[in-house]
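In: Got a predicted structure here, sequence first:
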Amino acid sequence: MSALLQVTDAHIAYGKVEAVRSVSLEVGDNEIVTIVGANGAGKTTLLNAVMGILPLKGRVRFAGADLARLEIEDRVAAGLSLVPEHRELFSTMNVEDNLQLGAFRIAKATAAKSFERVYTLFPRLKERRKQLAGTLSGGEQQMLAMGRALMGAPRLLMLDEPSLGLAPIIVADIFRTIAELRASGVSVLLVEQNAQAALQIADRAYVMELGEFVLDGPAKDIAANARVVASYLGFQ
Ligand code: ATP
């Protein structure tokens, strides 16, 4: 069976500077796959290119289709969704309206179901549905960014540094929700500097250094790898 997402030999450049080189990756149905690596390794660049925000040389297939010619909104319609590193919420709009924006291309009845699903996953958002996004706590804002991405009922959710700037107890909450998503049939591609937390919930992992993957395998093997422990897990 072919993978849900299949990236083959990807190269991504900013002008003449190649930020990602010869990267190949797969995410299967019902899988949590994580990419761990230091600041500047190229993780965000890779997610943005898969979403269609940046041009990519190489091949990206999703759910059996070639994404090369698809614009961002068509990739969303195909079932791909990205929660960006800086969340990019509309801070002067309330929770409900931010979520509504994630549903702008779907039918009313489907949107109603999506609201129900997001509010079940994040009861906190339901309680605060009339509150302005800019006044939410960091953890609630991350929940809202994830909720918005889930409104279109994606098959694959890409998360860029969901734990960034959050207290450990909130991080645990967010990661528990990611595991719940997989149980509900959503695959996850997770980029994290918090390698410890990411490797605990992931099925498989890729380690990225200076634009290339240097290691990949089952998450529990990667978590036990001496090089990974020394570089990414030593101080956590
Ligand atoms: P971080 O966790 O800091 O986001 P990352 O692994 O996601 O790190 P990227 O942000 O993808 O790394 O950056 C990869 C490389 O591309 C870095 O060398 C970075 O300086 C460079 N880069 C990122 N964005 C741009 C840009 N807009 N223009 C030029 N170079 C960029």
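Out: In hand now; what should we look at? Numbers count the residues shown, from 1 in each chain.

In: Give me the domain ranges for the protein.
Out: Domain assignment for the chain by the TED database gives 1-79+155-235, 83-153.

In: how far does the last one sit from the chain's center?
Out: By that I understand domain 83-153. Averaging C-alpha positions (CA atoms, centre = their mean, to the nearest Å) puts domain 83-153 15 Å from its chain's average.

In: Please list the residues outside the helix or strand of the chain with the lowest mean pLDDT that contact it.
Out: Lowest on mean pLDDT, DSSP states H and E among the helices and strands of the chain sits helix 226-228, with a mean of 83. With contact meaning CB atoms under 8 Å, 6 or more residues apart in numbering, helix 226-228 is reached by 36, 195, 207, 215, 222. For every residue, glycine as well, the C-beta is placed using N, CA and C.

In: Now, of these, which are buried?
Out: Among the contacts of helix 226-228, those buried by neighbour count (16 or more other CB atoms under 10 Å) are 36, 195, 207, 215, 222.

In: strand partners of the strand or helix carrying Leu159, parallel vs antiparallel please.
Out: Using DSSP states H and E, Leu159 sits in strand 156-160. Applying DSSP bridges, strand 156-160 is found paired with strand 80-83 (parallel), strand 187-192 (parallel).

In: and the longest one, does that touch the ligand?
Out: What that stands for is strand 187-192. No: against the ligand, strand 187-192 shows no contacts by CB under 6 Å from any ligand atom, the least distance being 6.5 Å.

In: Quick one: list the elements packing against the helix or strand that that strand is followed by.
Out: Under the assignment DSSP H and E, the closest C-terminal helix or strand after strand 187-192 is helix 195-201. In terms of contacts (3 or more CB pairs under 8 Å, 6 or more residues apart in numbering; DSSP states H and E), helix 195-201 is packed against strand 32-37, helix 168-183, strand 187-192, helix 219-224.
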